[in-house]
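A.B. asks: sequence and predicted model, in that order:
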Amino acid sequence: MRNSRSVAGVVALLVAVLCLGGCLCEAKAEPPPAKEISLELGGGVKMDLVLIPAGEFLMGDAVGDFDEVPVHKVTITKPFCLGKCEVTQEQWKAVMGTEAGRNKGAKNPVERVSWNDCQAFVNKLNEKFARPGVKFSLPTEAQWEYACRAGTTTPWNFGDDKAVAGEYAWWDHNAGYGTHPVGQKKPNAWGLYDMHGNVWEWCADRYGEDYYKRSPRSDPTGPTKGSSRVLRGGSYSYDNPKHFRSAFRYMDRPDRPNDHHGFRVAGTVGP
Ligand SMILES: [Ca+2]
């Protein structure tokens, strides 16, 4: 019953946000304020997700690395929800029934999980909250960058001044070479935490270094072939803020867990 109510709440709230977004779009260009939903995972453990509005953005960075160009317009055609924070070790245990993560701590992000491990997690989540039209997954690379930017066009979602990076991110200069409990730094404009730093975040897409040259404009999902999967956002171990810019891309084999690799959950509701 608890799950039933939670999912009903997700659907109802999403419908409300869809209506709200439609109304506000006619009145003003800015997206509606971020709304949150909360999933009861069991044992008192919750997972909060932020409702991200549909919209357009410029993906990539003209002065970034070779795989970040060309900068191209991408349309996210449907609202979606995205984890407010990286998946924590207590959330992993509540869903999977197993321990994961090298740097132990209930509120620390899970790491040392492979892309394949993340698929197992979202599959379990989908079993737990199985309802028509409700589907959890990893975010696409485009969804991730869109949500990270939250309307910004600067190198980081906090602007272009790397001197303030420590207010928003756990990185080499302040992390002590380890993860930290999620949600301690300042969020971005849409209420998402740790999009820069702490742990790298697996995305659904295969990595293609020249994908931006041929990416479809609407809801790109990455190349159909490729041996690696995308990671985004940098981690606690990086000593150059350039490596956790909003547009910075990284990749690894899907079967390879790593002390720096974690994830956050995305979800869609509706056909
Ligand atoms: Ca992160």
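C.D. replies: Right, received. Where do you want to start?
A.B. asks: surely V95 is in a helix?
C.D. replies: Yes. According to DSSP: H, G, I helix; E, B strand; the rest coil, V95 belongs to a helix.
A.B. asks: quick check: closest non-adjacent residue to it.
C.D. replies: Leaving aside its chain neighbours, V95 sits nearest to K124 (5.1 Å; criterion: CB to CB, 6 or more residues apart in numbering). Every C-beta, even on glycine, is put in place using the N, C-alpha and C of the backbone.
A.B. asks: which strands or helices does the helix or strand where that neighbour lies pack on?
C.D. replies: If you go by DSSP states H and E, K124 is part of helix 115-128. When contacts are defined as 3 or more CB pairs under 8 Å, 6 or more residues apart in numbering; DSSP states H and E, helix 115-128 packs onto helix 89-96, strand 134-137.
A.B. asks: what about 10 Å?
C.D. replies: Counting contacts by 3 or more CB pairs under 10 Å, 6 or more residues apart in numbering; DSSP states H and E, helix 115-128 packs against helix 2-27, strand 35-42, helix 89-96, strand 134-137, strand 200-206, strand 229-232, strand 261-262, strand 266-269.
A.B. asks: could you measure from Y207 over to D194?
C.D. replies: For Y207, the distance to D194 (CB to CB, to the nearest Å) stands at 22 Å.
A.B. asks: doesn't K186 make contact with W156?
C.D. replies: No. Look at W156 against K186 with CB atoms under 10 Å: they stay out of range, at 11.4 Å.
A.B. asks: common neighbours of those two, please.
C.D. replies: Both W156 and K186 are in contact with V164, Y168, A169, where contact means CB atoms under 10 Å, 6 or more residues apart in numbering.
A.B. asks: contacting residues for the residue nearest to V95?
C.D. replies: K124 makes contact with L41, W92, A94, V95, M96, G97, F136, according to CB under 10 Å, 6+ apart.
A.B. asks: between Y207 and D194, which one's more packed in?
C.D. replies: D194 (29 against 20; other CB atoms under 10 Å).
A.B. asks: report how many residues lie close to R256.
C.D. replies: 12.
A.B. asks: just the element for it, please.
C.D. replies: Under the criterion DSSP H and E, no helix or strand holds R256.
A.B. asks: what about it, distance to R229?
C.D. replies: Taking CB to CB, one finds R256 at 10 Å from R229.
A.B. asks: what touches both of these two?
C.D. replies: S114, W115, N116.
A.B. asks: any idea which of those is the one closest to the ion?
C.D. replies: Closest approach to the ion among the shared contacts of R256 and R229 (CB to the ion): W115, at 15.3 Å.
A.B. asks: excluding covalently adjacent residues, which one is nearest to the closest one?
C.D. replies: P254 (3.7 Å).
A.B. asks: returning to what we had before: what about the helix holding K124, average pLDDT?
C.D. replies: Across helix 115-128, pLDDT averages out at 97.
A.B. asks: for that helix, buried residues please.
C.D. replies: W115, D117, C118, Q119, F121, V122, K124, L125, K128 (16 or more other CB atoms under 10 Å).
A.B. asks: thinking the second one is in contact with P257, fair?
C.D. replies: Right, the one you point to is D117. Yes. Shown here, D117 and P257 form a contact pair, counting by CB under 10 Å, at 6.6 Å.
A.B. asks: what touches both of the two?
C.D. replies: Residues touching both D117 and P257 (CB under 10 Å, 6+ apart) are A100.
A.B. asks: output stretch 252-263 as CSV - backbone C-alpha positions only.
C.D. replies: Provided in CSV are the C-alpha atoms of stretch 252-263 (Å, rounded to 0.1, in the frame of the first residue of the first chain):
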residue,chain,number,x,y,z
ASP,A,252,34.2,3.5,-18.9
ARG,A,253,33.4,0.0,-19.7
PRO,A,254,29.9,-1.0,-18.4
ASP,A,255,31.3,-4.0,-16.5
ARG,A,256,33.9,-2.0,-14.6
PRO,A,257,33.2,-0.8,-11.1
ASN,A,258,35.4,2.0,-9.8
ASP,A,259,35.9,3.8,-6.5
HIS,A,260,34.9,7.1,-8.2
HIS,A,261,31.8,5.9,-10.1
GLY,A,262,28.3,6.3,-8.7
PHE,A,263,24.9,7.3,-10.2
